[in-house]
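Visitor: this one's structure only:
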């Protein structure tokens, strides 16, 4: 339980009323009970708040908490940021007892930091270095010579490949694979894909034999990064695939070999990035965006959902569509597309009128 006063201090927010009221967690306004704090950070939640039984609420600045029937209130200016702090205060942390589970297999040469938690059926390979306070849930595997910084949280079934290097406070959701081989193959002679790129045509027949290009590099991830469930980051061919500090990667994301991602980027669900593409800082790739290989995406770029990027993107742009173009251009193209049926109908009417006039003559 937390008092309203303690919560306000944690959020660095103003509070009024009975600051000694204790709450066990947040709740939606209409569903909140007397021992919960209602989250009603915008005026549109006023009616729902009256329908609930909360004694206290997180409200927008300037709200008349007494008129809302409350005994106390915490006032916030940026609602979504406040919710981040609220969920941090009431976080239900994963249960990870300190120590090593008897079913875990740890190579004798591995270095395990102080206070680490190693769950059931975890496998840690030779010369691995695991930082202090790291938490490994069941069935995590870490291959040889990987390095993982302090306070990491690896959920069930995470796979860390050989020689991967990861910074502090890393979080990987279940099933993430970091450091698998890159999808890299070549033909002894120029293949049909290369020929199609060069000539715009595919030769009839032909025989392509794909030869594997081995992945000698690894993956390097900075501090405070997260990787979602079932996402994959491939190792580099010769140098490492790189993910910068603070970058957050959603579920089912594919990051190809040799990709370099900058700091504080957001990669949403089902994003795919082709090999050797370079992405700047603070880039947002919305859901299902696809980025071709060997491109450069500048810093402060936003790629809208379902967009397909096939060319370099300068910094500070919003791109949309397939193929992706500047947002304002895509909107004009979409408007023009919607007008097409009316324009065609007008043309057909003019054509009929013209034929009728020719018949009369």
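Guide: Received it, and whenever you're ready, just let me know what you need. Because the structure is a prediction, the values reported are computed rather than measured.
Visitor: and the helix or strand hosting residue 351, how far from the chain's centre?
Guide: Using DSSP states H and E, residue 351 sits in helix 327-360. Offset of helix 327-360 from its chain centre (C-alpha atoms, centre = their mean, to the nearest Å): 43 Å.
Visitor: contacts only, for residue 210.
Guide: 185, 186, 187 (C-beta atoms under 8 Å, 6 or more residues apart in numbering). In short, each C-beta sits where N, CA and C put it, glycine included.
Visitor: out of those residues, which are inside strands?
Guide: Mapping these onto strands (DSSP state E) picks out 185, 186.
Visitor: which of the contacts of residue 210 tops the neighbour count?
Guide: residue 187 (15 neighbours; other C-beta atoms under 10 Å).
Visitor: any idea how far that residue is from residue 236?
Guide: 21 Å (C-beta to C-beta, to the nearest Å).
Visitor: list the helices and strands the helix or strand of the chain with the lowest mean pLDDT packs on?
Guide: Least confident helix or strand of the chain, by mean pLDDT, DSSP states H and E, is helix 192-199 with a mean of 78. In terms of contacts (3 or more C-beta pairs under 8 Å, 6 or more residues apart in numbering; DSSP states H and E), helix 192-199 is not packed against any helix or strand.
Visitor: if we can go back for a sec, between the contacts of residue 210, which is nearest residue 309?
Guide: Here the nearest of the contacts of residue 210 to residue 309, counting by C-beta to C-beta, is residue 185; it sits at 22.9 Å.
Visitor: and the helices in the stretch 1-150 of the chain, which stretches?
Guide: 4-11, 46-51, 79-89 (DSSP state H, counting those that start in this stretch).
Visitor: and the contacts of the helix or strand following the least confident helix or strand of the chain?
Guide: Using DSSP H and E, the next helix or strand after helix 192-199 towards the C-terminus is strand 211-212. Outside of strand 211-212, the residues that reach it under the criterion C-beta under 8 Å, 6+ apart are 184, 185, 186, 187, 188.
Visitor: which ones are touching the fourth one?
Guide: When contacts are counted by C-beta under 8 Å, 6+ apart, residue 187 is found next to 194, 208, 209, 210, 211.
Visitor: residue 355 versus residue 280, what's the distance?
Guide: 58 Å.
Visitor: over to residue 214?
Guide: Computed as C-beta to C-beta, the residue 214 to residue 355 distance reads 68 Å.
Visitor: returning to what we had before: in CSV, list the contacts of residue 210 along with distance to residue 134 and pLDDT.
Guide: What follows is those, written out as CSV (distance: C-beta to C-beta, whole Å; pLDDT from 0 to 100):
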residue, distance to residue 134, pLDDT
185, 36, 90
186, 38, 87
187, 43, 85
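Visitor: out of the contacts of residue 210, the closest to residue 222 would be?
Guide: residue 185 (29.7 Å).
Visitor: show me what that closest one is bridged to.
Guide: Per DSSP bridges, residues listed as beta-bridge partners of residue 185: residue 212.
Visitor: so for residue 205, what's the pLDDT?
Guide: Note for residue 205: predicted pLDDT of 58.
Visitor: nearest to residue 251, of the contacts of residue 187?
Guide: residue 210 (29.5 Å).
Visitor: any chance of the backbone angles for the closest one?
Guide: phi -90, psi 130 (degrees, to the nearest 10).
Visitor: quick one: it from residue 201, how far?
Guide: Applying C-beta to C-beta to residue 210 and residue 201 gives a distance of 21 Å.
Visitor: next: residue 156.
Guide: Counting by C-beta to C-beta, the gap from residue 156 to residue 201 is 49 Å.
Visitor: neighbour count for those two, which is higher?
Guide: residue 156 (17 against 9).
Visitor: residues contacting residue 310?
Guide: 292, 295, 323, 324.
Visitor: roughly how far does the residue lying closest to the second one once chain neighbours are set aside sit from residue 294?
Guide: In this structure, residue 295 finds its nearest non-sequential neighbour in residue 277, 4.7 Å apart by C-beta to C-beta, 6 or more residues apart in numbering. In this view, residue 277 and residue 294 are 6 Å apart by C-beta to C-beta.
Visitor: cool, thanks, talk later.
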